Structures are given as structure tokens and as C-alpha cells.
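# Got a sequence here, can you build the structure:
(one chain, ligands or ions: 1)
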Amino acid sequence: MAEQPLLDVEQVSKSYGPRKALDGVSLQVGRGEFVALLGPNGAGKSTLFQLLSGLFVADGGSIRIGGLDLRTHMTAALARLGVVFQQPTLDLDLGVAANLRYHARLHGLGGRHARERIDAELARLGLAERAQEPARALSGGNRRKVELARALVHQPEVLLMDEATVGLDFASRRQLLDDVHALVASRGVGVLWASHLVDEAEGADRVVVLHLGHVLFTGTPAELVAHCGAADLAAAFLQLTAGGGRHAA
Ligand SMILES: Nc1ncnc2c1ncn2[C@@H]1O[C@H](COP(=O)(O)OP(=O)(O)OP(=O)(O)O)[C@@H](O)[C@H]1O
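Have a look, this model is predicted:
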């Protein structure tokens with residue numbers, strides 16, 4: 001990664017009382033890069049995403065988004081970030097476009113510019129015809145697409161996807177993954193895709209394995225398989241996260 005990373009996490013730690021949820025976590029996402037953050041339950045993925053999206057402050061370490069330190073330039077840094085959270089957050093009684101308009105206003109977008117951005121994102125995801133329907137009328141897969149469109153309305157450089165495929169059927173899962181890969185290719189967005197589903201990491205540029213608050217490995221999917229001497233990515237992930245010990249990153 002020659003140029004400055006879009007997302008730069010350095011030695012970040014976070015505890016809940018005596019429990020260390022993250023312990024010296026470092027990772028980077030570059031322009032046009034899809035990085036899969038793989039971790040079993042309790043690895044610390046949600047905690048990391050809460051820190052990255054400004055909901056909590058890290059106990060130690062630094063987070064830079066688009067070169068801006070989250071601690072000292074929070075508003076400007078968060079303006080460069082789009083997030084799809086694990087828990088659905090659409091207002092189901094509002095129309096699809098109205099959900100996006102609400103988000104656009106939070107980012108200071110209004111009037112014609114907001115309308116154009118909303119129309120463009122819904123059209124890109126094949127949802128233009130559904131814009132006036134209540135979100136409740138959409139399938140689970142399409143609701144997630146609306147959340148993706150919403151995360152992109154303000155044209156962020158970095159996109160965080162936190163277990164975004166939870167609850168979706170296989171076809172919808174694949175579709176969402178393909179939509180995000182297409183976005184990386186067409187716009188150069190940097191994506192951090194958190195999941196415990198190993199198959200979602202197969203097409204990633206890099207994989208970061210997080211376990212019990214530590215980064216155990218960073219590299220390409222092929223490098224992870226080779227590092228573990230495993231038959232495939234799933235076997236490598238299982239091998240790496242089977243115990244509580246630390247491995248070389
Ligand atoms: N609010 C909290 N108070 C106390 N402990 C917490 C809290 N939130 C998370 N933890 C603990 O921190 C650790 C990391 O949890 P976190 O939810 O970040 O992991 P995760 O990788 O997102 O897991 P999952 O996939 O199960 O959501 C776990 O041991 C969890 O029990």
C-alpha cells in the first residue's frame with residue numbers, strides 16, 4: 001500500500017471493566033481495497049466498529065479516516081465514513097427515499113443535490129422503482145441494500161460493513177457482497193467487511209483475523225491458507241482461532 005491508507009487503525013485497545021475486548025489492534029484499508037475482518041463470536045469486531053464509527057472512544061491507540069484523526073477531527077473524519085450496522089436501523093414506516101433523505105440531512109445534504117444522490121444510489125442498486133414504498137414492504141435483502149444506499153449517499157471514502165449479511169438467505173448474501181465489490185472497483189472506496197462467515201472473505205484483497213481482541217493474521221486469503229498449511233480458507237480460519245493463543249501477524 002504505497003499511498004496513505006484511507007483507514008488506519010494503530011494499536012487500538014478497549015476494555016469493558018476488567019475485560020479487554022481489543023488489545024493493541026492495528027489494521028489498514030487502502031483506496032479501492034476490500035479487507036475482510038474475520039472473527040468468531042466475541043472476537044471484538046463490534047467493539048472495533050463502535051470505535052471506528054465514533055460511538056465510543058478507544059482507551060489507547062489511534063484511528064485515522066482519510067488521514068484525519070478521529071479523536072481530534074471527529075466530525076470531518078466521520079463525514080468520510082459510511083456504515084452499515086449489524087442491527088437493521090431503517091425506519092420501516094418511512095418510505096425508502098425518505099429514509100435516505102433523513103440520513104442525507106444528518107450529513108448536511110438537502111434540496112436537489114440530496115435528491116440526485118439518493119436517486120443515483122437507489123438506481124445503482126436496482127431500487128429506483130421502490131423509492132416511494134414503505135421500507136416495510138421490502139424483502140430482508142432489499143432492506144439491506146437500502147441501508148447500503150443510505151451509507152453511500154454522502155459519498156464516503158471508507159465503508160464499514162458490520163456483519164451486514166446476518167439473517168439474509170444465500171442469494172441475498174451473495175448479491176450484497178457483489179454490490180460492495182462492484183463499488184470498490186468502480187469508485188475506489190475502501191471497505192472493511194466484518195464477518196464470521198469465511199466464504200465472504202474469499203474474494204477479499206486482504207484478510208484480517210481477529211480473535212479474543214488480538215489480530216492473529218493479516219494477508220491475502222491465499223497467504224492465510226499457506227501460513228496455516230491448510231486445505232482451504234475455512235480450515236485455516238478454524239485452525240487459527242481454535243485456541244486462545246496469539247500467532248504472528
Ligand atoms: N457492553 C459490554 N460490556 C461488557 N463486555 C462487553 C460489552 N460488549 C462486548 N463485550 C465483550 O467484549 C468482547 C468482544 O465483544 P464484541 O461484541 O465486540 O465481539 P464480536 O466479534 O462483535 O462478537 P459477535 O460476533 O458475537 O457480535 C466479548 O468478550 C464481549 O462479551
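
# residue boundaries of the strands in the protein?
Read by DSSP state E, the chain holds these strands, from start to end of the chain: 7-16, 19-29, 34-38, 60-65, 68-69, 81-84, 158-162, 190-195, 206-211, 214-219.

# Out of these, flag the one nearest N142.
Among these, strand 81-84 comes nearest to N142, with 13.5 Å by C-beta to C-beta. Where you see a C-beta, it was placed from the backbone N, CA and C, and this is true even at glycine.

# Which residues does that closest one contact?
Residues outside strand 81-84 that contact it (C-beta atoms under 8 Å, 6 or more residues apart in numbering) are 49, 52-53, 65, 144, 147-148, 151-152, 154, 156-162, 164.

# for stretch 61-73, same thing?
By C-beta under 8 Å, 6+ apart, the list of residues contacting stretch 61-73 from outside reads 4-13, 24-26, 51-52, 54, 57, 76-78, 80-81, 157-158.

# what's the answer for stretch 204-222, then?
Outside stretch 204-222, the residues that touch it by C-beta under 8 Å, 6+ apart are 20-27, 33-40, 42-45, 48, 193, 201-202, 224, 227, 233, 237, 240-241, 244, 246-249.

# How about that stretch and the ligand, any contact?
No. Using C-beta under 6 Å from any ligand atom, stretch 204-222 stays clear of the ligand, coming no nearer than 6.7 Å.

# Just the CA trace of that stretch, in CSV.
C-alpha atoms of stretch 204-222 as CSV (Å, rounded to 0.1, in the frame of the first residue of the first chain):
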residue,chain,number,x,y,z
ALA,A,204,-11.1,-10.1,-0.4
ASP,A,205,-7.8,-8.3,-1.2
ARG,A,206,-6.7,-8.9,2.4
VAL,A,207,-8.0,-10.8,5.4
VAL,A,208,-7.5,-9.6,9.0
VAL,A,209,-8.2,-12.4,11.5
LEU,A,210,-9.3,-11.1,14.9
HIS,A,211,-9.6,-13.4,17.9
LEU,A,212,-10.1,-12.5,21.5
GLY,A,213,-9.2,-8.9,20.9
HIS,A,214,-5.9,-9.6,19.0
VAL,A,215,-5.1,-9.6,15.3
LEU,A,216,-3.7,-13.0,14.6
PHE,A,217,-3.0,-12.6,10.9
THR,A,218,-3.1,-10.0,8.1
GLY,A,219,-2.5,-11.1,4.5
THR,A,220,-4.3,-12.3,1.3
PRO,A,221,-6.6,-15.2,1.6
ALA,A,222,-4.0,-17.4,-0.2
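
# okay but R101 is in contact with R117, surely?
No. Counting by C-beta atoms under 8 Å, R101 stays clear of R117, with 9.9 Å between them.

# so D59 touches K14, yeah?
Yes. The pair D59 and K14 passes the contact test of C-beta under 8 Å, sitting 5.4 Å apart.

# which of these two has more neighbours?
Shown here are D59 and K14; by other C-beta atoms under 10 Å, K14 has more neighbours (22 against 14).

# list the contacts for that one?
By C-beta under 8 Å, 6+ apart, K14 lies in contact with 20-22, 44, 47-48, 51, 56, 58-59.

# Leaving out the residues flanking it, which one is nearest to it?
Beyond its immediate neighbours in the sequence, the residue positioned closest to K14 (C-beta to C-beta, 6 or more residues apart in numbering) is L22, lying 4.5 Å away.

# what's the neighbour count on that neighbour?
Using other C-beta under 10 Å, L22 is surrounded by 26 other residues.

# how close does it get to A79?
Separation of L22 from A79 (C-beta to C-beta, to the nearest Å) stands at 24 Å.

# Apply the buried test to the contacts of stretch 61-73 and list what passes.
For the contacts of stretch 61-73, a burial check counting by 16 or more other C-beta atoms under 10 Å picks out 5-9, 12-13, 25, 51-52, 54, 77-78, 80-81, 157-158.
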